[in-house]
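Novice: quick one, structure for this:
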Amino acid sequence: MKARGNAAMAQRPIAVRMAGWSARHPWRGLAVWLAFVVLSLGVGSAMGTHSATADDYRTGEAGRAETMAAEGHLDHEPVEQVLISARSGPLDAAAADAAARDVTARMRKLPEVKRVASAVRSADGGTLRIEVTMKGADADAKKHVAPLAAQAEAVQRSHPALRVEETGSPSVSVGVETQRGDDLALSEAITLPITLLTLLAVFGSAVMVAVPLLLALTSIAASFGLSMIVSHVLPDAGVGMNVIILIGMAVGVDYTLFYLKREREERARSGGRLGPEALVELAAATSGRAIVVSGFAVVVSTATLYLATDIVFSSLATCTIIVVLAAVLSSLTALPALLVTIGRRAERRAARTGNRRAVKDRAAAGRVWTALLRPASKHPAITLCLSVLLMLGLAAPALGMQLRVLNKDSMSREIPALQAYDRLTAAFPELRIQHQVVVRAAPAEAGEVADALRELERKAERDPLYAKGVRPTVRVSEDRRTSAMYLAVPHRLSSPEALASLDHLRKDYLPSTVGKIPGARFAVTGDVPHDTDYLAHQDEKLPLVVGMLLLLTFVLTALAFRSLVLGLIGVLLNLLSAAAAFGLVVVFFQHGLASTLFGFDPAATNAIGSRVPLFLFVILFGLSMDYQVFVVSRIREAALTGVPTGQAVLQGTVTSAKVVTSAAVVMVTVFASFTLLHLAEMKQIGFSLAVAVLLDAFVIRVLVLPAALTLLGGATWWPSRGMRRAQEGAVPAGNSPVSALTSL
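Specialist: Residues are numbered from 1 along each chain as shown. Alright, predicted model coming up:
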């Protein structure tokens with residue numbers, strides 16, 4: 001008998017076995033989970049984060065130019081600019097000169113400084129500029145910029161009548177990171193209270209509210225540590241923490257919520273006849289299985305981002321996968337242990353009062369959701385057509401989507417270094433853009449290369465798109481194999497003139513100059529070339545990523561529910577949800593409605609960030625699987641007991657409606673809080689995910705999916721033989737939904 005019991009246990013799904021062990025040994029289960037969290041954080045903190053280097057960001061022609069420059073030791077040097085101007089009125093020349101001498105003397109004493117150039121006066125005479133070149137690589141400069149900023153502040157204190165400020169890529173990067181940290185703190189301060197109130201409304205118990213929140217936060221903590229460890233294999237692009245919090249709070253609370261609700265349903269249904277351990281295993285056999293399937297789907301869909309071969313997307317994928325796996329693991333180990341511990345203490349009170357309340361709550365919720373689902377069940381064809389037309393109408397603006405790499409032009413002007421940058425480029429417009437032309441040729445061709453570059457200079461001088469009166473800087477490597485020329489363009493980074501200047505350079509000027517030198521290799525890099533090549537690279541990879549995502553979504557859904565029809569429906573519904581979200585993000589951000597309604601910075605609302613659509617598309621497919629899995633699982637449970645498909649659709653949707661709605665509210669709250677951040681891409685991602693979840697929960701799952709499945713009837717489950725037998729009444733009446741579900 002014991003051997004037979006062990007064999008039966010071994011045949012149970014891993015989710016049930018893990019939950020069973022934690023339920024039987026609750027304190028051990030909690031200790032194992034907490035030890036995992038502490039170990040992950042401890043090892044991760046000890047190892048630190050390995051950040052991506054400049055090499056990891058190289059793409060296309062711009063990447064080739066940077067590689068050639070690095071081979072010739074002509075890498076872009078980190079530069080900071082110190083500006084001296086009047087706070088009001090004309091600049092006092094004598095006071096400005098004194099401040100410039102003070103800046104120069106202080107900066108030259110710093111070990112981080114390589115050289116300090118002479119002060120340059122702007123064309124209108126209102127600003128002095130001192131260029132400070134730092135030692136080391138450009139990518140590492142932000143770590144060493146603090147001493148320079150301290151000296152600039154000291155000069156400001158010594159000359160209070162003037163405005164002394166520092167800007168440059170290193171100081172801008174520091175400002176962005178500081179602002180991102182402040183934004184995350186604000187997001188947490190908003191998200192946590194609303195999440196608490198939502199969970200309190202669902203459970204009516206402070207103890208039960210603490211459970212999902214605790215597990216979500218510990219999952220996030222473990223993910224922080226794990227992401228640091230993994231960064232030594234897959235470098236972090238600086239977006240990991242944002243994504244871990246964004247996705248971790250959403251799926252962490254959701255997975256726990258689904259599990260908790262199912263355990264409470266089983267408790268109410270048993271009427272006190274089953275102990276906490278048995279209840280947890282029943283929940284594990286249904287919701288636990290759904291959590292594993294959903295988590296696996298999110299992981300697999302997110303992994304398609306690696307196909308983009310882009311360091312930022314790889315970093316996003318890595319952190320998303322880590323936090324989702326951590327959330328799944330916590331819901332299968334620590335959660336059952338907590339439920340058993342709480343259940344043992346509250347068993348008598350729950351059996352006496354909680355059951356009656358649960359029955360009453362389910363009856364009230366059932367009436368509301370039955371009414372909401374009436375259009376889909378009574379008039380499925382009309383409901384399906386109208387709801388699909390609504391979603392397509394919302395998606396229509398996406399056809400005019402304009403993508404661009406969000407750069408300094410779209411960053412928040414609350415960052416002091418960016419305020420100084422605006423004053424710098426207003427006074428010295430030639431510093432807005434620099435195209436770096438890199439030429440690689442044999443040393444014997446050095447003279448010919450120099451002549452070609454002078455001819456290139458003359459062509460640029462005649463072109464109104466380039467800065468006038470600014471002599472291009474030319475650097476030559478020690479071995480005379482590599483030359484680099486910097487051409488100034490006095491236009492904004494995202495302007496049509498900036499793109500046109502690059503187009504002229506690549507298609508006309510370079511082929512007619514250095515392109516005529518036999519054996520010479522040449523390429524152009526800089527901010528504009530890098531952005532242009534990045535978009536081209538992304539467009540090239542997009543069909544591969546999307547195609548693989550659609551295929552994997554179809555396969556996973558078909559396998560999870562043993563139905564090719566449901567696999568196809570899953571893909572179509574996810575496409576519909578994503579398309580509608582794209583349309584709304586275009587209306588609100590590209591067309592500026594978010595700026596009008598919510599006062600968003602116009603700089604963040606005139607184009608869509610280049611990474612937003614692909615990341616949104618992949619993550620939405622994964623998150624949509626949450627609702628698809630949980631709703632269809634309940635429908636399938638009912639159908640497996642012989643309930644006709646049409647009735648099973650209504651029964652399964654009503655049963656899961658309250659928990660799906662609660663989960664959607666939590667997700668929307670978390671995602672919407674990211675619209676308060678200053679980073680334009682995070683605003684757009686947060687908004688997109690929030691509206692997509694709303695549409696998915698209240699349109700797709702209430703109208704489109706029930707109507708479609710009602711119309712399909714028994715064909716929904718094709719070609720599942722087990723479901724066909726169940727629908728024909730072959731499943732014994734004594735079989736429970738749980739046993740029927742886990743036996744297939």
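Novice: for residue 80, helix, strand, or coil?
Specialist: The three-state assignment at residue 80 reads strand, by DSSP: H, G, I helix; E, B strand; the rest coil.
Novice: contacts only, for it.
Specialist: By Cβ atoms under 8 Å, 6 or more residues apart in numbering, the contact list for residue 80 reads 131, 132, 134, 145, 148, 166, 167, 168, 170, 171. The C-beta positions use only the backbone N, C-alpha and C, and glycine is treated the same way.
Novice: list phi and psi for the closest residue to it other than its chain neighbours.
Specialist: Nearest non-adjacent residue to residue 80, counting by Cβ to Cβ, 6 or more residues apart in numbering: residue 168, 3.7 Å away. Note on residue 168: its backbone torsions stand at phi 150, psi 160 [degrees, to the nearest 10].
Novice: surely residue 168 and residue 78 touch.
Specialist: Yes - at 7.5 Å, residue 168 and residue 78 qualify as touching, with contact defined as Cβ atoms under 8 Å.
Novice: now do the buried residues in whatever helix or strand residue 474 lives in.
Specialist: Using DSSP states H and E, the element containing residue 474 is strand 473-476. Across strand 473-476, burial judged by 16 or more other Cβ atoms under 10 Å covers 475, 476.
Novice: got it, and stretch 521-536?
Specialist: Within stretch 521-536, the residues that count as buried by 16+ other Cβ under 10 Å are 522-535.
Novice: want to throw those into CSV with secondary structure, distance to residue 218 and pLDDT?
Specialist: Below are the buried residues of stretch 521-536 laid out as CSV (DSSP: H, G, I helix; E, B strand; the rest coil; distance: Cβ to Cβ, whole Å; pLDDT from 0 to 100):
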residue, secondary structure, distance to residue 218, pLDDT
522, strand, 54, 93
523, strand, 48, 94
524, strand, 49, 94
525, strand, 44, 93
526, coil, 45, 90
527, helix, 41, 89
528, helix, 44, 91
529, helix, 44, 93
530, helix, 39, 90
531, helix, 39, 88
532, helix, 43, 90
533, helix, 41, 91
534, helix, 36, 88
535, helix, 39, 87
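Novice: nearest to residue 240 among the residues you listed?
Specialist: For those, the residue nearest residue 240 by Cβ to Cβ is residue 534; the value is 19.6 Å.
Novice: dump the residue contacts of the closest residue to the closest one other than its chain neighbours.
Specialist: Setting aside the residues directly before and after it, residue 534 is nearest to residue 59 in space (Cβ to Cβ, 6+ apart), at 5.3 Å. Residues counted as contacts of residue 59 (Cβ under 8 Å, 6+ apart) are 310, 530, 533, 534, 537.
Novice: and which of these is nearest residue 66?
Specialist: residue 530 (8.4 Å).
Novice: didn't that closest one look like it was pressed against residue 64?
Specialist: No - using Cβ under 8 Å, residue 530 makes no contact with residue 64, being 11.5 Å away.
Novice: quick check: residue 73 is in a helix.
Specialist: No - under three-state DSSP, residue 73 sits outside any helix and is assigned coil.
Novice: list the contacts of it.
Specialist: Residue 73 is in contact with 477, 478, counting by Cβ under 8 Å, 6+ apart.
Novice: and it, how far is that from residue 484?
Specialist: Residue 73 sits 10 Å away from residue 484, going by Cβ to Cβ, to the nearest Å.
Novice: now list whatever residues contact both of those two.
Specialist: Here residue 73 and residue 484 share no contacting residue, scored by Cβ under 8 Å, 6+ apart.
Novice: contacting residues for residue 244?
Specialist: By Cβ under 8 Å, 6+ apart, the residues touching residue 244 are 220, 223, 224, 227, 319, 322, 323.
Novice: export the residues you listed to CSV and tack on secondary structure?
Specialist: Output for the contacts of residue 244, formatted as CSV (three-state DSSP):
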residue, secondary structure
220, helix
223, helix
224, helix
227, helix
319, helix
322, helix
323, helix
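Novice: now, of those residues, which are buried?
Specialist: Neighbour-count burial (16+ other Cβ under 10 Å) is assigned, among the contacts of residue 244, to 220, 223, 224, 227, 319, 322, 323.
Novice: got the residue ranges for the strands in this protein?
Specialist: Applying DSSP state E to the chain gives strands spanning 79-86, 113-116, 120-121, 127-134, 162-167, 403-404, 433-440, 473-476, 482-489, 521-525, 608-609.
Novice: domain parsing for the protein?
Specialist: Domain ranges of the chain: 78-167, 430-531, per automatic domain parsing.
Novice: how many other residues sit next to the closest residue to residue 577 other than its chain neighbours?
Specialist: With Cβ to Cβ, 6+ apart as the criterion, residue 577 has its nearest non-adjacent residue at 4.7 Å, and that residue is residue 696. By other Cβ atoms under 10 Å, the residues close to residue 696 number 29.
Novice: contacts only, for residue 696.
Specialist: 577, 620, 623, 624, 627, 664.
Novice: so the last one touches residue 698, yeah?
Specialist: When you say that, I think you mean residue 664. Yes - contact criterion Cβ under 8 Å: residue 664 and residue 698 qualify, at 7.3 Å.
Novice: stretch 439-455: end-to-end distance?
Specialist: 14 Å (Cα to Cα, to the nearest Å).
Novice: buried sites along stretch 153-166?
Specialist: For stretch 153-166, by 16+ other Cβ under 10 Å, it's 155, 156, 159, 162, 163, 164, 165, 166.
Novice: what's around the residue nearest to residue 258 when sequence neighbours are not counted, how many residues?
Specialist: Closest residue in space to residue 258, ignoring its immediate chain neighbours: residue 287 at 4.9 Å, by Cβ to Cβ, 6+ apart. A total of 31 residues lie near residue 287 under the criterion other Cβ under 10 Å.
Novice: need the contact list for residue 287.
Specialist: Taking Cβ under 8 Å, 6+ apart as the test, what residue 287 contacts is 258, 259, 261, 262, 263, 630.
Novice: same check on residue 671?
Specialist: Residue 671 makes contact with 246, 250, 686, 687, 689, 690, 693, according to Cβ under 8 Å, 6+ apart.
Novice: export the residues you listed as TSV, with columns for distance to residue 649, pLDDT and neighbour count.
Specialist: What follows is those, written out as TSV (distance: Cβ to Cβ, whole Å; pLDDT from 0 to 100; neighbours: other Cβ atoms under 10 Å):
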residue	distance to residue 649	pLDDT	neighbour count
246	32	76	26
250	26	77	28
686	32	84	23
687	32	87	24
689	27	86	26
690	27	88	22
693	22	86	28
